[in-house]
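Peer 1: missing the sequence, but the structure's below:
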């Protein structure tokens, strides 16, 4: 039994030793870039301080690789709460350098070595709301001893709830990635990253875009007609901002990485729209379907960056950037075939972009991205820089050459202009000399003629003013007879009612003396009614007088709302009675068709009254003359109508007189032209009417048929 018991104990310890050997990560060599600890880790979603001790048994824990992406590669990590990682680690005796752990993470952690806490990053708490994830981005943690040492590395870890992650971070958002490296190398790499933030190639790239920004802004300001320089300036400015913002600038707070690096990528991708716009302008291409598809793809990529983890990067980086490169290569190739000057420069830039992008992808696929090309520059970084700069540098060279060609062309034209200017100056001087001689001769003649013309113009102006005033006075005189007839009616009514009232008052006095109060009151009521009629006809006479005064006074030039129908009717009656005052045997039929929907319009009533009066007088004169010639079978008739159509008022005055001969119809609105016999007209009536209607923004036209009718039409705007 004792032997059997001993064998069982020996078997147990042997198995334990063998198991422990399988789970211990042994380090016997440190590569140049350090050794990533991505194997041998144990994991448990629980929190116990005992988990930090080296003697704690973790054989039942779950195996895990915490260096994987925290977003979608580690579903076993709890979204809330604390978990532990443990790793057994040994260092070969051949390693003599001091070692350090370079920590990269996307959560909050406390790091223990053999039960002793050696570092902590972020804020760990049992309350998920207080957890704050922090990425030290390679900050070294010293291993206390090296040669032949055995370590138990324990990490207390928590994920910050409800934060977003992005693929655009240069470290790939690992949950916990620990890289073992020599202390000297670790310090050097961390110092380079944290002190500068930008590697040498990145400095170079940012510097290139800064120079391109300044140069092409200067090009555009010097020659604004070349819009390609403006768009290329915007491309270089936005791309440079994106490079500075996101390539290697360190963001330790994990919560901010999503916004920071997405902004950088959105700037980089959106800048390419300005680049391709500049190239479309340079190569003389129209922005067609391909351009708008690219625009939609970029906008979709930016939108998806904000709401998805992988679709946004796929569209905005893998698809958009490469399609833009292919589109640039396409339009450059077409331009080369069309023998567009300098298009081959753009084509070589596009080819360079495609080749270096292919090299970048192959390096990632076949794993030679870390191969050193020259002076510690990795192949993948060199390929990325050449891919990024190929098209912009080619475009800048093309724009520079275009600017040089433009400048040379302008210089040649300027030289030609200077030669022509000198020649023109000499010719001008000769002309000036000739003109000076001629001017001396002409000045005396001009002075004499100017004096004579000035005197003639003054006399003509005075005569014209007298004639215009004479026309106005003649118009007023023609109104006088009509107004006298109009005012006679209310005066007759007033006289008649006054006589009646006189008789009624005598009768009322008699009745009152007799004591017949009721009869006296009835007579008084009749007197009061007659007084109202006297007042009414007095107001009517007053209105006629005011109308006459308004017609005779000078226009104020201020338009006022006027009932055009009432104005047309009033002047028609005044004109008719004026003619009958001269010839009481004259009679004419007057037809009126006024549109009641017109209402009031803004006009100068005195001026428009003169127009209507002139048209009526001419119409009555025409039918009167025809009546004298054809006394039998002819009935003089005049029709007046108003009509509202669209935004115009149309006033028509038609007579059935002898009409106007066609040979003179075009002259009727000319000053001093008249068809009346000498001494019966000044020839200014229709001329003044034409000017008044034009001043109102309207038109006046004449339509006639000789021997049958004449029709004048006035069109006035409503507003």
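Peer 2: Cool, the structure landed. These figures come from a predicted structure and were not determined experimentally.
Peer 1: got a list of what residue 88 touches?
Peer 2: Applying Cβ atoms under 8 Å, 6 or more residues apart in numbering to residue 88 gives the contacts 20, 23, 24, 25, 40, 150, 151, 152, 153. In this view, the C-beta of every residue, glycine as well, is placed from N, C-alpha and C.
Peer 1: as a check, name the ranges of all strands in the stretch 501-650 of the chain.
Peer 2: Using DSSP state E, counting those that start in this stretch, the strands assigned to the stretch 501-650 of the chain run over residues 560-563, 589-593, 600-603, 637-645, 648-655.
Peer 1: point out the most buried one among these.
Peer 2: Mean neighbour count (mean count of other Cβ atoms under 10 Å) peaks for strand 648-655 among those, with a mean of 20.
Peer 1: for that one, what is the distance to the chain centroid?
Peer 2: 48 Å (Cα atoms, centre = their mean, to the nearest Å).
Peer 1: can you list the strands that that strand pairs with?
Peer 2: strand 637-645 (antiparallel), strand 709-717 (antiparallel) (DSSP bridges).
Peer 1: so can I have a markdown table of those showing mean pLDDT and distance to residue 457?
Peer 2: Output for those, formatted as a markdown table (pLDDT from 0 to 100; distance: least, Cβ to Cβ, whole Å):
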| stretch | mean pLDDT | distance to residue 457 |
| --- | --- | --- |
| strand 637-645 | 92 | 40 |
| strand 709-717 | 92 | 32 |
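Peer 1: looking at those strands, which is closest to residue 320?
Peer 2: With distances scored as Cβ to Cβ, the stretch of those nearest to residue 320 is strand 709-717 (58.4 Å).
Peer 1: quick one: buried residues of the closest one?
Peer 2: Going by neighbour count (16 or more other Cβ atoms under 10 Å), the buried part of strand 709-717 is 709, 710, 711, 712, 713, 714, 715, 716.
Peer 1: how confident was the prediction at residue 666?
Peer 2: Looking at residue 666, its pLDDT reads 80.
Peer 1: you'd agree it is in a helix?
Peer 2: Yes: counting by DSSP: H, G, I helix; E, B strand; the rest coil, residue 666 falls inside a helix.
Peer 1: neighbours of it, how many?
Peer 2: The tally of other residues near residue 666 (other Cβ atoms under 10 Å) stands at 10.
Peer 1: tell me the strands in the stretch 251-400 of the chain, going along the chain?
Peer 2: In the stretch 251-400 of the chain, strands defined by DSSP E, counting those that start in this stretch lie at 372-374, 377-378, listed in chain order.
Peer 1: which of these comes out lowest on mean pLDDT?
Peer 2: Among the strands of the stretch 251-400 of the chain, strand 372-374 scores lowest, at a mean of 67.
Peer 1: pretty sure residue 406 is touching residue 229, no?
Peer 2: No: taking contacts as Cβ atoms under 8 Å, residue 406 lies outside contact range of residue 229: 10.5 Å.
Peer 1: common neighbours of those two, please.
Peer 2: Common neighbours of residue 406 and residue 229 (Cβ under 8 Å, 6+ apart) are residue 223.
Peer 1: from one end of stretch 506-524 to the other, what's the distance?
Peer 2: Using Cα to Cα, to the nearest Å, one end of stretch 506-524 lies 11 Å from the other.
Peer 1: list the buried residues for it?
Peer 2: By 16+ other Cβ under 10 Å, the buried positions in stretch 506-524 come out as 508, 511, 520, 523.
Peer 1: thinking again about what came up before, can you lay out the strands of the stretch 501-650 of the chain as JSON lines showing distance to residue 123?
Peer 2: Listed next are these as JSON lines, based on distance: least, Cβ to Cβ, whole Å:
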{"stretch": "strand 560-563", "distance to residue 123": "81"}
{"stretch": "strand 589-593", "distance to residue 123": "95"}
{"stretch": "strand 600-603", "distance to residue 123": "79"}
{"stretch": "strand 637-645", "distance to residue 123": "83"}
{"stretch": "strand 648-655", "distance to residue 123": "82"}
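Peer 1: so which of these is nearest residue 343?
Peer 2: Within the strands of the stretch 501-650 of the chain, the stretch nearest residue 343 is strand 648-655; the backing value is 60.3 Å (Cβ to Cβ).
Peer 1: after the closest one, next one along is what?
Peer 2: helix 685-695 (DSSP states H and E).
Peer 1: picking that back up, and of the buried residues of strand 709-717, the nearest to residue 47?
Peer 2: Closest to residue 47, out of all of these and judged by Cβ to Cβ, is residue 716, at 94.4 Å.
Peer 1: can you pull the contacts of that closest one?
Peer 2: For residue 716, the contact set (Cβ under 8 Å, 6+ apart) comprises 564, 601, 603, 648, 649, 651, 693, 696, 697, 698.
Peer 1: kindly report the same for residue 515.
Peer 2: Neighbouring residues of residue 515 by Cβ under 8 Å, 6+ apart: there are none.
Peer 1: higher neighbour count, residue 406 and residue 229?
Peer 2: residue 229 (27 against 15).
Peer 1: can I get the buried residues of stretch 506-524 in JSON lines with pLDDT?
Peer 2: As requested, those are exported to JSON lines (pLDDT from 0 to 100):
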{"residue": "508", "pLDDT": "80"}
{"residue": "511", "pLDDT": "79"}
{"residue": "520", "pLDDT": "78"}
{"residue": "523", "pLDDT": "82"}
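Peer 1: which one of these sits closest to residue 423?
Peer 2: Looking across the buried residues of stretch 506-524 and measuring by Cβ to Cβ, the closest to residue 423 is residue 523, at 109.0 Å.
Peer 1: if we can go back for a sec, can I get the buried residues of stretch 506-524 in JSON lines with distance to residue 55?
Peer 2: JSON lines is the format used below for the buried residues of stretch 506-524 (distance: Cβ to Cβ, whole Å):
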{"residue": "508", "distance to residue 55": "143"}
{"residue": "511", "distance to residue 55": "146"}
{"residue": "520", "distance to residue 55": "142"}
{"residue": "523", "distance to residue 55": "141"}
